[in-house]
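Asks: My questions concern the predicted model and sequence given below.
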Amino acid sequence: MRAPAGSVTGLCSASATMFAVGMAFLGYWGVYDQGPWRISDYFVVALAIIGFAALGSVPWIVTTPVAEEEAEKVVGARRALALGVALIWLSVCIAVFT
């Protein structure tokens, strides 16, 4: 079954939007604060970087050329988007609640 029309555009724009939200979070969170980092700060940054990598790979995954018409990459791109969003929000929750 083919993906609905607009899936590629929607996935790419959702990925870019969440990437921007994550960057804004890191900017306001205090990466540049003075003082020593706690262990939770390292978790926040590590999860965010992995989430950014997943979100950044979504356009690459979904626009990769395929040999067969039926073999689409939308499912893999959706999984990468879900992983990236989950990791960004997990890093936000860790930063807020620690």
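Replies: Cool, the structure landed.
Asks: So, low pLDDT: which residues of this structure?
Replies: In the prediction, the chain carries residues with pLDDT under 70 at positions 1-2, 31-33, 69-71.
Asks: ok, 50 please
Replies: Scanning the chain for pLDDT under 50 picks out no residues.
Asks: all helices of it, in order?
Replies: 7-29, 39-62, 74-97 (DSSP state H).
Asks: and the closest residue to V21 other than its chain neighbours, what is it in contact with?
Replies: Nearest non-adjacent residue to V21, counting by C-beta to C-beta, 6 or more residues apart in numbering: I88, 7.1 Å away. C-betas here are computed from N, CA, C, even on glycine. By C-beta atoms under 8 Å, 6 or more residues apart in numbering, the residues touching I88 are 18, 21-22, 25, 47-48, 51-52, 55.
Asks: Tell me, how many residues neighbour Y42?
Replies: Y42 has 10 neighbours, counted by other C-beta atoms under 10 Å.
Asks: and what of T9?
Replies: The burial count for T9: 10, using other C-beta under 10 Å.
Asks: And it, how close does it get to T63?
Replies: Separation of T9 from T63 (C-beta to C-beta, to the nearest Å): 10 Å.
Asks: My guess is G56 contacts A16. True?
Replies: No: contact criterion C-beta atoms under 8 Å: G56 and A16 do not qualify, at 9.2 Å.
Asks: Would you mind grabbing the residues shared as contacts by these two?
Replies: With C-beta under 8 Å, 6+ apart, G56 and A16 have no common neighbours.
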